[in-house]
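In: only geometry, no sequence info:
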């Protein structure tokens, strides 16, 4: 065993109370960092999953129709106020030739054309406003995993079969196998058979969304052969905005990413990250000061021993290494203990905060990358904190240290 390690371990054993206290401080600091970081990451992952569980990463739609002035405002008197044009349901121009190019665009995983518009659902005397969504079921499953959210029946769209939300089914008093009438403001109607009922965890969507085949929606919405939107899934969800901007630039269509439509959510996540980073910074500073203060005390208490070691031929570098090893060992030991404490806290948290069905609201993400990163930061903090006491110990004059010790 190296000489420096032997001396470092002996010093740690002789100051058991100090060693225990600083180990406890490091352990608590690491536990706080790991748990809080994992908690915030788990919360953010849950929020993003819930947000994107029912929507595409990018939605492509035709550009908005704008009013174009036909008179020169400088040359003649014209109305000071130009009214915006009402937006009508339109199809994406030449969408069939555009779809392969969009699917093969960098970063895009899947694409699904959709014909969607306002309609109403009727059964008996009950009538509800809905959002009619005509899709290709095989393509749409790659955008939204709605087949995993079925509470009755299955996500089957063919002919006049349709799928509705659990809240709409409750409002209309229907179940799988029943029929409802779908009508549009233009007067087109069709009777559909309910093939499945879904629950997306969002009451508004469960009340409004009705899925039918793409062909049937095109007929009802007067979009023969057309689609109103193309929905995309991208490989990197937090890189959706650059992909949308590139598609918008290259196609001239309107491409909105989930990051643009959920700007408030992203702002909240950024604020959470800032808060978490601030907590980590202050906890790291407290741990560093604790390690440094204990090692300074050890240097004062061990002056005589240090002087004897120096007189026996131990170099300044070896004395400095002894205290650096102490800082590193205290940090590593505290990191291991802190990670175990954080794991216990995560288990308790997941068991206490649960949904109505008993499943965890969200589970803090405490994986190996987070733990190893925290260990590395704690170890570096311990060594840096030990550097000043180590230099002071290495610079002690042997004769003075023995006499004063």
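Out: Nice, thanks for sending it over. Predicted, not measured: the structure shown is a model, and the values here were computed from it.

In: what's near enough to touch residue 117?
Out: With Cβ atoms under 8 Å, 6 or more residues apart in numbering as the criterion, the residues that contact residue 117 are 89, 131-132, 184, 217, 221, 223, 228. Placement of C-beta: from N, CA and C, glycine included.

In: which sections of the stretch 51-200 of the chain are below the confidence cut-off?
Out: Applying pLDDT under 70 to the predicted model, the residue ranges of the stretch 51-200 of the chain that meet it are 64-88.

In: That one: helices as residue ranges?
Out: Secondary structure of the stretch 51-200 of the chain (DSSP state H, counting those that start in this stretch): helices located at 95-103, 137-140, 166-172.

In: just those: most buried one?
Out: Scoring the helices of the stretch 51-200 of the chain by mean neighbour count under mean count of other Cβ atoms under 10 Å gives helix 166-172 as the most buried, with a mean of 19.

In: The helix or strand where residue 292 lies - contacts with which helices or strands?
Out: According to DSSP states H and E, residue 292 maps onto helix 263-301. Here helix 263-301 touches helix 16-52, helix 316-352, helix 368-394, going by 3 or more Cβ pairs under 8 Å, 6 or more residues apart in numbering; DSSP states H and E.

In: got a markdown table for those helices, with mean neighbour count too?
Out: Converted to a markdown table, the helices and strands packed on helix 263-301 look like this (neighbours: other Cβ atoms under 10 Å):
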| stretch | mean neighbour count |
| --- | --- |
| helix 16-52 | 19 |
| helix 316-352 | 20 |
| helix 368-394 | 19 |
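
In: Point out the one among those helices that comes closest to residue 199.
Out: For residue 199, the closest of these is helix 16-52, at 12.8 Å, according to Cβ to Cβ.

In: what packs against the closest one?
Out: Here helix 16-52 is seen to pack against helix 263-301, helix 316-352, helix 368-394 when contacts are counted using 3+ Cβ pairs under 8 Å, 6+ apart.

In: I'd like those as TSV, with distance to residue 204 appended.
Out: Output for those, formatted as TSV (distance: least, Cβ to Cβ, whole Å):
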stretch	distance to residue 204
helix 263-301	16
helix 316-352	29
helix 368-394	35
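
In: if we can go back for a sec, can you say which of the helices and strands packed on helix 263-301 is nearest to residue 274?
Out: Taking Cβ to Cβ, helix 16-52 is the member of the helices and strands packed on helix 263-301 nearest to residue 274, at 10.6 Å.

In: Tell me what angle the closest one forms with helix 316-352.
Out: Direction vectors for helix 16-52 and helix 316-352, defined by axes from the mean of the first three to the mean of the last three Cα atoms, to 10 degrees, enclose an angle of 50 degrees.

In: and helix 16-52 with helix 263-301, angle?
Out: Angle, helix 16-52 to helix 263-301, by the same axes, to 10 degrees: 170 degrees.

In: between helix 16-52 and helix 368-394, how big is the angle?
Out: Interaxial angle of helix 16-52 relative to helix 368-394 (the same axes, to 10 degrees): 150 degrees.

In: all numbers from here: first residue = 8
Out: Right, with 8 as the first residue, what we last looked at is helix 23-59.

In: Turn the helices of the stretch 58-207 of the chain into TSV, including distance to residue 216.
Out: Formatted as TSV, those follow (distance: least, Cβ to Cβ, whole Å):
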stretch	distance to residue 216
helix 102-110	22
helix 144-147	12
helix 173-179	8
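
In: between these, which gets nearest to residue 292?
Out: Nearest to residue 292, of all the helices of the stretch 58-207 of the chain, is helix 102-110, at 49.4 Å by Cβ to Cβ.

In: Which strands or helices does that closest one pack on?
Out: Counting contacts by 3+ Cβ pairs under 8 Å, 6+ apart, helix 102-110 is packed against strand 115-130, strand 236-241, helix 247-258.

In: picking up where we left off before, just put the helices and strands packed on helix 270-308 in JSON lines and tack on distance to residue 131.
Out: As requested, the helices and strands packed on helix 270-308 are exported to JSON lines (distance: least, Cβ to Cβ, whole Å):
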{"stretch": "helix 23-59", "distance to residue 131": "34"}
{"stretch": "helix 323-359", "distance to residue 131": "45"}
{"stretch": "helix 375-401", "distance to residue 131": "55"}
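
In: and residue 273, which of those helices is closest to it?
Out: Closest among those, once you apply Cβ to Cβ, is helix 23-59, at 9.6 Å.

In: and residue 113, what does it touch?
Out: 250, 253.

In: the domain parsing of this structure - what is it?
Out: Per the record, the chain has its domains at 10-58+272-411, 102-259, by automatic domain parsing.
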